[in-house]
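Colleague: Have a look; sequence and predicted model below, questions after that.
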Amino acid sequence: MSTLKTAGCSSSDHKSHQNASISRLKPRGEALTLKTLNDPTIFRQVVPDYLFGCIGICTYCGERANTVDHVIPVSYFDSQIIRTASTKNKGVRTYSCAECNFMLSNKFFNTFSDRCKYVNQRIGQRHRAILNLPIWTPEEFEELGKNIKARLGEKLNLKAVVIERLRWQTTKEFDEYCKEAREYFQDEQRQIPSKDWMREYFA
């Protein structure tokens, strides 16, 4: 999820925002300028068009994926390039659940690993109250009233889901998705824009 926030900004503020974005995005050994960001032809040479992961599974937490996350946020480039230009290049993307996509917003990270760690941290923060629920024994749970038991049961089920989401990045499946991206950019036979930058990003 990445929306360029320029409403209410002066042209000088917008230019400062773009320049700040450029300095963070500049690939090693490559010149990235305002002209680059506003020229769809050059844009295709800067950010590869690549979608990875498994359809229906959030790459970040393992939940059901119902969105696609731009790993390199769209808002770091001129919005016209992505939304209305004739190029089919949509940048580097992966499958994501709505919550992970929302938390990432248009944040830029130096590596994909940093991006994933941020998501894990934010999931823990957003669901801290649920995670801090005490452990109930079956006997204690059965002693509760019907209504309390129903409400608590929902919260305990949610706690189990959150714990599984936090564990996702330690699974073999998650490693496979990351490996898929690494190997794609390590393939010497592929003609990929900014290959060195992407190799570094997914290392």
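Modeller: On my side now, so go ahead.

Colleague: CA only for contacts and neighbour counts going forward, please
Modeller: Fine.

Colleague: where does this protein dip in pLDDT?
Modeller: Filtered on pLDDT under 70, the chain yields the residue ranges 1-46, 76-89, 193.

Colleague: Quick one: the helices in the chain, in order.
Modeller: With DSSP state H as the criterion, the chain has helices at 11-25, 34-37, 40-46, 79-83, 98-104, 112-126, 128-131, 138-142, 146-167, 172-186, 195-201.

Colleague: how about CSV for the ones you listed, with mean neighbour count added?
Modeller: Compiled in CSV, those are given as follows (neighbours: other C-alpha atoms under 10 Å):
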stretch, mean neighbour count
helix 11-25, 14
helix 34-37, 16
helix 40-46, 18
helix 79-83, 16
helix 98-104, 19
helix 112-126, 15
helix 128-131, 14
helix 138-142, 10
helix 146-167, 14
helix 172-186, 16
helix 195-201, 18
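
Colleague: Among those, which comes closest to A65?
Modeller: Evaluated with C-alpha to C-alpha, these place helix 98-104 nearest to A65, the distance being 7.2 Å.

Colleague: who's in contact with the closest one?
Modeller: 1, 60-61, 65-69, 115, 119, 122 (C-alpha atoms under 8 Å, 6 or more residues apart in numbering).

Colleague: now do stretch 107-118
Modeller: Under C-alpha under 8 Å, 6+ apart, the answer for stretch 107-118 is 60, 71-73, 104, 169, 200-203.

Colleague: Can you pick out the most distant pair from these?
Modeller: P73 and Q169 (21.3 Å).

Colleague: surely Q169 meets E176?
Modeller: No. With contacts counted by C-alpha atoms under 8 Å, Q169 stays clear of E176, the gap being 10.5 Å.

Colleague: What does T111 show for phi and psi?
Modeller: The phi and psi values for T111, taken as degrees, to the nearest 10, are phi -140, psi 160.

Colleague: From G62, how far out is it?
Modeller: 20 Å (C-alpha to C-alpha, to the nearest Å).

Colleague: Show me which of these two is the more surrounded one.
Modeller: G62 (22 against 16; other C-alpha atoms under 10 Å).

Colleague: Could I get the contacting residues of that one?
Modeller: So G62 contacts 165, 168, 174 (C-alpha under 8 Å, 6+ apart).

Colleague: The residues you listed into JSON lines, with extra columns for distance to I130?
Modeller: As requested, the contacts of G62 are arranged in JSON lines below (distance: C-alpha to C-alpha, whole Å):
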{"residue": "R165", "distance to I130": "13"}
{"residue": "W168", "distance to I130": "18"}
{"residue": "F174", "distance to I130": "24"}
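
Colleague: Nice, that's everything, thank you.
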